[in-house]
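Participant: Provided below for reference: sequence and predicted model.
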There are 2 protein chains.
Amino acid sequence: VTAGLKKTEEPDLGLIFSDREATAAGVFTSNRVKAAPVLLSREHIREGRARAIIANAGNANACTGPDGLGNAQKTAEIVAENLGIGVRDVLVASTGVIGAPLNMARILPAVPKLARSLTPDGLSDVAGAIMTTDKFPKVSGFKGESGGKPFHIAGMAKGAGMIMPDLATMLCFLLTDIRMDHADLQASLRGSVGRTFNRITVDGDTSTNDTVLILANGMAENPPLAEADRRVFRRGLTRVMDDLATMIVADGEGATKVVDIVLKGAASPEDALKAARTIANSALVKTAFYGQDPNWGRIMAAVGRSGVSMTEERVDIWVNDVHVVEGGLGRGSQAETGAAEQMKEKRFAVTVDLHRGSHEERVKTCDLTREYVGINADYRT
Amino acid sequence: VTAGLKKTEEPDLGLIFSDREATAAGVFTSNRVKAAPVLLSREHIREGRARAIIANAGNANACTGPDGLGNAQKTAEIVAENLGIGVRDVLVASTGVIGAPLNMARILPAVPKLARSLTPDGLSDVAGAIMTTDKFPKVSGFKGESGGKPFHIAGMAKGAGMIMPDLATMLCFLLTDIRMDHADLQASLRGSVGRTFNRITVDGDTSTNDTVLILANGMAENPPLAEADRRVFRRGLTRVMDDLATMIVADGEGATKVVDIVLKGAASPEDALKAARTIANSALVKTAFYGQDPNWGRIMAAVGRSGVSMTEERVDIWVNDVHVVEGGLGRGSQAETGAAEQMKEKRFAVTVDLHRGSHEERVKTCDLTREYVGINADYRT
């Protein structure tokens, strides 16, 4: 529904409700400044159970002190009342402007309407209601089988700016009917977050509101999970989250391209991630992506300043299959022309091989455009 | 002179020559990828003496392998020949595009012309010849007295992009007539670099070519330095370098504003610098500066993700003298309007007090504008 928290008339308040009590797990921002809904949901999810998620866009309810926490609490209370469930079964998430008080006069009267309008196919409505600078809603799904019983995973996410998740991304809600205990669910979620949302960046800024939540209500009636079942579930979960993470990068503020940075041959996993992230966050590299310019010197400079173990003379770089740098040296104008051709695509990969070891990491990033600057210079005005 | 290394007809080759043998010191990039002229100059300066600096713009001679090193060596040789000095007395510096071979066919014939055109007031000519995306030449000077003898410091620098010096900045040449031994000169240079060039950022990218060189030829005829004299010299040197460092930020690619980030009350010096740098490099903070928007939530988020010891509820933020955040909370729309007013200036300060300790650091940064993106998307095309 539209409660009136955004500057536009767009929907800004969404509600997710499970018919049954569900096992719940969550991963939250690593930013030391944590929004009120993060603090509240982290507390509510402690017992590993939940039935509802209420999420608003337009206001992050971050840096709002005790009043902000009180407002998150009041929101959970009114939702619990309208759904006839316990207040600790309600998780709260917010996204939008930091530092402004949440307009409770608009949220409280909207909740009964929201509760009445719950529908089994409302998934994309919620995905729409949590958008801020996003240009499209992000949903994904997976269908698997566990102990002979079919199960489903549905996921939705939002995020376009302040994106370099450390433990989680802006907002992501995952719903599954699988039957699974809390510890298993939490471990699955954490594992998938590490491979998906923790491997994307839009602008190198980690949000105060990052939240990934999963509810598993067991309606698939599957027997206790065997190791093979667990693998199927985790693979499905990672696939859904990777889909959503990629959509966030594609919808990065002002972005026109998604670029997979593949860092190979690093001396350690830490080096691989550090070098990949330094390339993925370099303003000079990202503007060159925008300009479709295979300016590999900027990639070399980024790897060089990242502090990882490397020898300039061993570095190889490819743009898709075009080999542009060999042994630290450019392979000439024909290779560059070929690489520039690849960079016209909306999605391409840049592979850097350090030839120092066997470790590899992948980070997804987008280009840095004039529009990014426009969006963020004028965000609040 | 114009050798023809830039796309324009602008001067691109400069020469500095000391009438006498000079004590020399240098600080070079910490990037693991080091340009050929950095490798050569680091080697030549080892004995602490030099008489000439040759610098070109338009080509960085970086990522150019053994050929690049050979070209830097050839450049030093032809300069030495034309000036009648030893080849190890010549220091070489380059700036411009990474990964392209240096056009020696243009440099070699230009050197004799360059040697003939040496003049005592050519300082700003050299400052002009080393410009790339710079919009103005950067020169500064200082006059002091040492043991009753007047001495002088003259400095010039270039740099506008790929600027987050770690040990030095793009290019900076300092000339003084003071008489000082090498160890003293090197210590003075390193101390001043730490307080000036290591405290600025334009885009968080550290160049492969960063070089700061100083020549002290002793023509001031001062007696051996007393401790008080040394202090006067170091103060003067820091002032000249601070001037030049500030000019680099003011001339940051696409920049319209210089912002002093003052980080107070940190638990350690490392925390103070880390938090200040995270704020100074945040794309979201820098676009808000451009938009003249006192979006303090982004500053809180940047400090929060920097990983420093902090308590949200203790943080205070000012824009110049306008107190916008108190105890982690916004002080309302009047304060924000006042802060927005201050942000219309071309230079202002953002002060963040963590109230966790007594350590303070300052970092100078600029805003992130549409023009920055334009410059860097189209740099090589």
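Facilitator: Yep, that arrived.

Participant: Pull the lengthiest helix in chain A out as CSV, backbone CA atoms only.
Facilitator: Identified as the longest helix of chain A according to DSSP state H is helix A:227-250. Extracted in CSV, the C-alpha atoms of helix A:227-250 (Å, rounded to 0.1, in the frame of the first residue of the first chain):
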residue,chain,number,x,y,z
GLU,A,227,22.9,-34.4,3.5
ALA,A,228,21.9,-34.6,-0.2
ASP,A,229,18.7,-32.7,0.5
ARG,A,230,20.5,-30.0,2.3
ARG,A,231,22.9,-29.6,-0.7
VAL,A,232,19.9,-29.2,-3.1
PHE,A,233,18.4,-26.6,-0.8
ARG,A,234,21.6,-24.7,-0.4
ARG,A,235,22.3,-24.7,-4.1
GLY,A,236,18.7,-23.4,-4.7
LEU,A,237,19.1,-20.8,-2.1
THR,A,238,22.4,-19.6,-3.5
ARG,A,239,20.9,-19.5,-7.0
VAL,A,240,18.0,-17.3,-5.9
MET,A,241,20.3,-15.0,-3.9
ASP,A,242,22.8,-14.8,-6.8
ASP,A,243,19.9,-13.8,-9.1
LEU,A,244,18.8,-11.1,-6.7
ALA,A,245,22.4,-9.8,-6.1
THR,A,246,23.0,-9.6,-9.8
MET,A,247,19.7,-7.6,-10.2
ILE,A,248,20.9,-5.2,-7.6
VAL,A,249,24.1,-4.5,-9.5
ALA,A,250,22.3,-4.2,-12.8
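
Participant: next SSE after that helix?
Facilitator: Per DSSP states H and E, helix A:227-250 leads on to strand A:258-266 as the next helix or strand towards the C-terminus.

Participant: show me where chain A has helices.
Facilitator: For chain A, applying DSSP H gives helices covering A:36-44, A:65-83, A:104-116, A:123-129, A:182-195, A:227-250, A:269-281, A:283-290, A:296-305, A:333-342, A:370-377.

Participant: any chance of the ones you listed in CSV, with mean neighbour count too?
Facilitator: (C-beta placed from N, C-alpha, C; glycine too.) As requested, these are arranged in CSV below (neighbours: other C-beta atoms under 10 Å in any protein chain shown):
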stretch, mean neighbour count
helix A:36-44, 23
helix A:65-83, 19
helix A:104-116, 16
helix A:123-129, 20
helix A:182-195, 18
helix A:227-250, 20
helix A:269-281, 22
helix A:283-290, 26
helix A:296-305, 27
helix A:333-342, 16
helix A:370-377, 22
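
Participant: Dump those helices to a markdown table, plus mean pLDDT and distance to chain B.
Facilitator: Shown next, in a markdown table, are the helices of chain A (pLDDT from 0 to 100; distance: least, C-beta to the nearest C-beta, whole Å):
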| stretch | mean pLDDT | distance to chain B |
| --- | --- | --- |
| helix A:36-44 | 94 | 10 |
| helix A:65-83 | 96 | 5 |
| helix A:104-116 | 96 | 17 |
| helix A:123-129 | 91 | 22 |
| helix A:182-195 | 85 | 17 |
| helix A:227-250 | 87 | 15 |
| helix A:269-281 | 93 | 8 |
| helix A:283-290 | 92 | 4 |
| helix A:296-305 | 90 | 2 |
| helix A:333-342 | 96 | 9 |
| helix A:370-377 | 86 | 3 |
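
Participant: What number of residues are in the vicinity of A:Thr8?
Facilitator: Neighbours of A:Thr8 under the rule other C-beta atoms under 10 Å in any protein chain shown: 8.

Participant: Report pLDDT for it.
Facilitator: The model reports A:Thr8 with a pLDDT of 84.

Participant: Give me the distance between it and chain B.
Facilitator: 19 Å (C-beta to the nearest C-beta, to the nearest Å).

Participant: likewise A:Thr351?
Facilitator: A:Thr351 is 17 Å from chain B, where distance means C-beta to the nearest C-beta.

Participant: ok so, going back, helices or strands up against the longest helix of chain A?
Facilitator: Contacts defined by 3 or more C-beta pairs under 8 Å, 6 or more residues apart in numbering or on different chains; DSSP states H and E place helix A:227-250 against strand A:138-146, strand A:149-158, strand A:171-176, helix A:182-195, strand A:258-266, strand A:359-366.

Participant: Could you export these as JSON lines, including distance to A:Arg347?
Facilitator: Below are the helices and strands packed on helix A:227-250 laid out as JSON lines (distance: least, C-beta to C-beta, whole Å):
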{"stretch": "strand A:138-146", "distance to A:Arg347": "16"}
{"stretch": "strand A:149-158", "distance to A:Arg347": "18"}
{"stretch": "strand A:171-176", "distance to A:Arg347": "21"}
{"stretch": "helix A:182-195", "distance to A:Arg347": "19"}
{"stretch": "strand A:258-266", "distance to A:Arg347": "5"}
{"stretch": "strand A:359-366", "distance to A:Arg347": "9"}
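
Participant: Comparing the ones you listed, which stretch has the densest surroundings?
Facilitator: Among these, strand A:171-176 has the highest mean neighbour count (mean count of other C-beta atoms under 10 Å in any protein chain shown), at a mean of 26.
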